[in-house]
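*Asks:* mind folding the following:
(one chain, ligands or ions: 1)
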Amino acid sequence: MLFLKVPRAQGEKTRRELIQKGLFVAGYPILGEEGVVLLPVSGPFGEFETVERDAEKRPIHHDRLKDALTELLTPAELETLIGSFDIIGDIAIIEIPDALESREKEIGDALLSVHKNLKTVLKKLGPMEGEFRVRRVRPIAGEDRTTTLYRESGVLMEVDVAKVYFSVRLAHERTRIAELVKPGERILALFAGIGPFPLVISKTHKDAEIIAIELNPDAVAFMEKNIARNKANNVKAVLGDARKVVMAGYQNYADRVLMPLPKGAHDFLDAAYAGAKDGGMVHFYTFAGMQDPFREALGKAESAAQASGVRIEVASQRIVRPYSPLTVQVVLDLIVRKNVT
Ligand SMILES: C[S@@+](CC[C@H](N)C(=O)[O-])C[C@H]1O[C@@H](n2cnc3c(N)ncnc32)[C@H](O)[C@@H]1O
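*Replies:* Residues are numbered from 1 along each chain as shown. Next up, the predicted model:
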């Protein structure tokens, strides 16, 4: 193995420079000799002498990703990386800054070595986009696949993260909604995806009647599999546009309407109000500025209510999660009053 002979006092500084230049070879030990350290490298650097030494690659087996990556990345690079990944089932989805692209395989391998239950690491290739809110991803380590099984609140769901939207970050919100449901409710789950909201509700409310509407045919196919897998026979998956489906067959139907489409749900508030019974509840999700998020969200809900000829009362409001430095996702729980004079 090739090593760079560096005076001990310059060891740490040089190690960082080597990492930045992509010359440091992670996984090999840093050796010590009289007054110098030997840094494992892939080639010469600066005026330092290179020497050959016998050394065995150590299996990377660290408790935390940070430890696993300290040899590979500078502290600043580490900071950008940590916290930027989600785990869905046995897949990790990670954002890798352009500057670290050449090390993505090593980063992926480090993740697999830290989280023993992971089998695949996918790199995000962009934001959620298009009508179906799907993100492009590419495998960078482990098995070459994008489909996984994910368990939440006792529900097992199959999901292909390259074909459908899915977020683990809404798990708490799904539990919250399920706890609000009363016996025998009729529920319209708009923008249902692969079915996490309907399935989590169904798990504890077998007497509910849940219509789950989704536009992405791949998502509906997974939702049907997930309904069967969880024996959630009270969930009916409907392929189609939320507005058209509600207007055609479900007006004044629901005790509860779910609208988990934060980018654009306000355009469907008319359908949500139409689908709710008098006194029914609409859960309206939207992105809003940090400054005054609830006022902004309520403004949208109120103007749609006026246009629809209904009255709304805010039963509760909460921030679901931060979305970007200046934006949060909020939910308004709205009671819909009809027959307003
Ligand atoms: C943010 S995702 C939420 C999915 C799911 N509820 C979840 O929590 O995982 C929004 C979903 O709405 C679907 N969608 C977008 N426009 C739609 C429409 N007009 N009618 C029905 N579904 C739609 C997208 O395909 C996507 O699956």
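
*Asks:* so what's the closest residue to Thr50 other than its chain neighbours scoring on pLDDT?
*Replies:* Counting by CB to CB, 6 or more residues apart in numbering, Thr50 lies nearest to Pro44, which is 5.2 Å off, once chain neighbours are set aside. Backbone N, C-alpha and C define where each C-beta goes, glycine included. pLDDT for Pro44: 91.

*Asks:* how is this structure carved up into domains?
*Replies:* Domain assignment for the chain, taken from automatic domain parsing, gives 2-52, 79-145, 164-337.

*Asks:* enumerate the residues of the stretch 151-300 of the chain near the ligand.
*Replies:* Counting by CB under 6 Å from any ligand atom, the stretch 151-300 of the chain comes close to the ligand at 165-167, 170, 191-193, 196-197, 213-216, 219, 241-242, 260-261.

*Asks:* if we use 5 Å, what do you get?
*Replies:* Contacts of the stretch 151-300 of the chain with the ligand, taken as CB under 5 Å from any ligand atom, map to Tyr165, Phe191, Gly193, Pro196, Glu214, Leu215, Asn216, Ala219, Asp241, Ala242, Pro260, Leu261.

*Asks:* where in the chain is pLDDT low?
*Replies:* Within the chain, the ranges that satisfy pLDDT under 70 run 58-64, 79, 82-84, 340-341.

*Asks:* tell me how many other residues surround Gly32.
*Replies:* Using other CB atoms under 10 Å, Gly32 is surrounded by 11 other residues.

*Asks:* so it: helix, strand or coil?
*Replies:* Following DSSP: H, G, I helix; E, B strand; the rest coil, Gly32 is assigned to strand.

*Asks:* which strand residues bridge it?
*Replies:* Val37 (DSSP bridges).

*Asks:* follow-up on the earlier one: among the domains of the chain, which is the most enclosed?
*Replies:* Among the domains of the chain, domain 164-337 has the highest mean neighbour count (mean count of other CB atoms under 10 Å), at a mean of 19.

*Asks:* what about the residue nearest to Thr50, distance to Gln10?
*Replies:* Per CB to CB, to the nearest Å, Pro44 is found 16 Å from Gln10.

*Asks:* where's the residue nearest to Thr50, which helix or strand?
*Replies:* Under the criterion DSSP states H and E, no helix or strand holds Pro44.

*Asks:* what of Ile177?
*Replies:* Per DSSP H and E: Ile177 is located in helix 171-180.

*Asks:* using CSV, list the CA coordinates for that helix.
*Replies:* What follows is helix 171-180, C-alpha atoms only, in CSV (Å, rounded to 0.1, in the frame of the first residue of the first chain):
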residue,chain,number,x,y,z
ALA,A,171,-45.8,9.3,10.1
HIS,A,172,-46.7,11.3,13.1
GLU,A,173,-49.4,13.2,11.2
ARG,A,174,-51.0,9.9,10.0
THR,A,175,-51.2,8.7,13.6
ARG,A,176,-52.7,12.0,14.7
ILE,A,177,-55.4,11.8,12.1
ALA,A,178,-56.2,8.1,12.9
GLU,A,179,-56.7,9.1,16.5
LEU,A,180,-59.3,11.7,15.6
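
*Asks:* check which helices and strands it is in contact with.
*Replies:* Helix 171-180 is packed against helix 196-204, strand 254-259, with contacts defined by 3 or more CB pairs under 8 Å, 6 or more residues apart in numbering; DSSP states H and E.

*Asks:* let's see 10 Å
*Replies:* Under the contact definition 3 or more CB pairs under 10 Å, 6 or more residues apart in numbering; DSSP states H and E, helix 171-180 sits against strand 147-152, helix 196-204, strand 254-259, strand 276-289, strand 311-324, strand 327-337.
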